[in-house]
Structure formats: structure tokens, C-alpha cells
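Participant: just coords:
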């Protein structure tokens, strides 16, 4: 599976994961990278509401935080919509790769009125933003990154392209993530927190189905659902906190697991099809949960799969920072 989620670059004396209103961008925090002079990179996502409205978010959050910000939503590593702003100024945007292309990627992160921009215009805009922020720009790397075309034969996923963009703004060597205070992807939390198969995701999906008049696809509401949603939010909020009550969170996770198992054993499962020939995705997620969870637990941890730390694709292009 490719990369899905938001990448935020901002400056603050507060850890980005703990900033007020950070849920406007994401709540499922994956990596928090501390750069210099208060600059940070937060990789995050939402359980069911991605992509976020990053234009509206940056308009509000740069003022609330009194800080510049750059944020991108990456869809499956294929393409990204990148936005940047200063407090009280309009939000600039570009779609990567190929910012001048009029082809519609078809993903929800791109505005309905497809914005096309020349690569030189984007580079100039970002250089101006960086100058106000006091960031030294590696112009050759910035131009190379903005102008990257996947048809060149040199593959670069779009999440890598966003990190190359950040490297060109004076952060040539991206550090590894700050360690978790609470690892939201480790046992016993993973059974609740994982996207698509976790109990919080299932609870959200089932509640949405009932609200939209499809209660028969979700089955009756169960006692564990509301607590699964609350617990997932609390675990991710604790991921990069100063301290957390790990035992209390673990006990809640075990209660949710036990309650879900008991409810499942005492209730007929929802139908496999929403209508003839149309899969009921809620039932499918439940049926696949055990095997997908086992697969997740066999993989290296999220920190062992940190692909974005280091000097990146074009370190030789950083010598002209000014």
C-alpha cells in the first residue's frame, strides 16, 4: 500500500502533535521530526475524514499558532496537493508532480477548479515564503523537486517529493522521528487503532451507516463502539505527549477487545452483501480483521520502516543555499 496522509512543516516551541487544533490536519500521528529553531515535521492522518481541508486549516492555524506552515496531503504516494501560508496571508497551493498539467488526478485532495502553475512560478512563490520564514533555500534542489516528472524514468514517490521539497528549504538532512511515548501501533492498541481493520474504524463506519439509513449493514450498536472511538483518540493524543498512563490505556484496550468479542459471539453478523453483487465493506473489514492484524504484527515497527530520514534523493543539489 502506498503513502496516505498529511505532512506538516511548521515552527513552534510546542510539539506539533500537541498544538491546539492539530486535529484540523490529523489525529493519527505517525512521525514527529524535530528540526532546528523550533521547526518540526509531523506526519499524520485521520481515521475516516481524509483528506482534510488544508486550505481552510492553514488559513486558521497559521493565525492561531502565529507561525508559518506548509502542509501536503499525499494520496497513495501517487500525487500530493501542497499548501503554504504565513499568518494572515492567502494560502498558496500546487499539485505535484507536474504542476503545469491539466490532467485531473481524480482524488479529493485536488480542488475542483484544477490549479495549474508553471514550475518556476511555484519555486519563486516558495522562495518568497521561505525568505520571510528565515529559511535558506537550495535553489537547484527546489527547482529539481518542483519540476520532477515521473515520466523521466527516475521514480520518486510523491511523499518522497514532499520531503525533497522540505530539504530544499534548508533542512537537507531529515532526522529520525522522536520516539513514541505510547506506540499507537503496538499491542494491545493496534486492534483498536489500525486503519481499515481496527475497532475504532469499524465503530466509525458502523455509526455512519446507521446515520445514513443502512443500519442493516452495520448491525445493532454495541457497547464497545463508543469506547473504541474515544480510546483511539486518547492513544494517538498520548503518542508524543510528555507522559501517559500506559497501564490505564492498555486496560481500556483490553476491555474493548473483550466486549467486542462477547458482542460478536452473541449477535448474528451483518450480511455479506449490501445488495446483490455489492460487497458490504463493514462485514468485509470484520472478516479480514484477524488475518490483517496478524500480518501487521509480523511486520517491522513503524520506526523500522522510516523511509524519509536522511539526505534524500538529491543531496548534491544543496550547495547553493542562500
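Facilitator: Sure thing, it's come through. Computed from a prediction, not measured in an experiment: that's the story for all the values here.
Participant: now the host helix or strand of residue 58, how far from the centre of its chain.
Facilitator: Using DSSP states H and E, residue 58 falls within helix 54-65. Counting by C-alpha atoms, centre = their mean, to the nearest Å, helix 54-65 is centred 17 Å from the centre of its parent chain.
Participant: repeat that for stretch 313-322.
Facilitator: What separates the centre of stretch 313-322 from the centre of its chain is 27 Å, taken as C-alpha atoms, centre = their mean.
Participant: just the strands in the protein please.
Facilitator: Under the criterion DSSP state E, the chain contains strands at 5-11, 31-34, 39-44, 69-75, 79-85, 92-96, 273-275, 278-279.
Participant: could you name the helices and strands sitting against the last one?
Facilitator: Contacting strand 278-279 under the criterion 3 or more C-beta pairs under 8 Å, 6 or more residues apart in numbering; DSSP states H and E is no other helix or strand. C-beta here means a position set from N, CA and C on the backbone, and glycine is covered the same way.
Participant: helices and strands around the helix holding residue 58, which ones?
Facilitator: Using 3+ C-beta pairs under 8 Å, 6+ apart, the elements in contact with helix 54-65 are strand 69-75, strand 79-85.
Participant: any chance you could list what contacts the last one?
Facilitator: With contact meaning C-beta atoms under 8 Å, 6 or more residues apart in numbering, strand 79-85 is reached by 51, 54-55, 58-59, 62, 68-74, 91-97, 105, 107, 109-111, 125-126, 129, 158-159, 161-162, 165.
Participant: go with 6 Å
Facilitator: Residues outside strand 79-85 that contact it (C-beta atoms under 6 Å, 6 or more residues apart in numbering): 54-55, 58, 62, 70-74, 91-96, 105, 109-110, 129, 158, 162.
Participant: that strand pairs with which strands, parallel or anti?
Facilitator: Paired strands of strand 79-85, with direction, are strand 69-75 (antiparallel), strand 92-96 (antiparallel) (DSSP bridges).
Participant: make a markdown table out of the ones you listed and add mean neighbour count, mean pLDDT and distance to residue 307.
Facilitator: Shown next, in a markdown table, are the strands paired with strand 79-85 (neighbours: other C-beta atoms under 10 Å; pLDDT from 0 to 100; distance: least, C-beta to C-beta, whole Å):
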| stretch | mean neighbour count | mean pLDDT | distance to residue 307 |
| --- | --- | --- | --- |
| strand 69-75 | 26 | 96 | 13 |
| strand 92-96 | 23 | 91 | 17 |
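Participant: columns distance to residue 296 on top of those, output as JSON lines?
Facilitator: Listed next are the strands paired with strand 79-85 as JSON lines, based on distance: least, C-beta to C-beta, whole Å:
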{"stretch": "strand 69-75", "distance to residue 296": "21"}
{"stretch": "strand 92-96", "distance to residue 296": "29"}
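Participant: domain ranges for the chain?
Facilitator: By the assignment in automatic domain parsing, the chain contains the domains 5-178+304-317, 190-298.
Participant: the ones you listed: which one's closest to residue 184?
Facilitator: Residue 184 lies closest to domain 190-298 among these, at 4.7 Å (C-beta to C-beta).
Participant: now that closest one: mean pLDDT?
Facilitator: In this model, domain 190-298 has a mean pLDDT of 86.
Participant: what's the offset of that domain from the middle of its chain?
Facilitator: Computed by C-alpha atoms, centre = their mean, the chain-centroid distance of domain 190-298 equals 20 Å.
Participant: how long is it end to end?
Facilitator: End-to-end distance for domain 190-298: 12 Å, by C-alpha to C-alpha, to the nearest Å.
Participant: and for stretch 163-178?
Facilitator: Stretch 163-178 stretches 17 Å from its first residue to its last (C-alpha to C-alpha).
Participant: residues contacting that stretch, please?
Facilitator: Stretch 163-178 has contacts (C-beta under 6 Å, 6+ apart) with 9, 31-35, 130, 135-136, 138, 141-142, 145, 306, 308-309, 311-313, 318.
Participant: buried set for that stretch?
Facilitator: Of all the residues in stretch 163-178, those buried under the rule 16 or more other C-beta atoms under 10 Å are 163-172, 174, 177-178.
Participant: and it, how far out from the chain's middle?
Facilitator: That offset, for stretch 163-178, works out to 17 Å (C-alpha atoms, centre = their mean).
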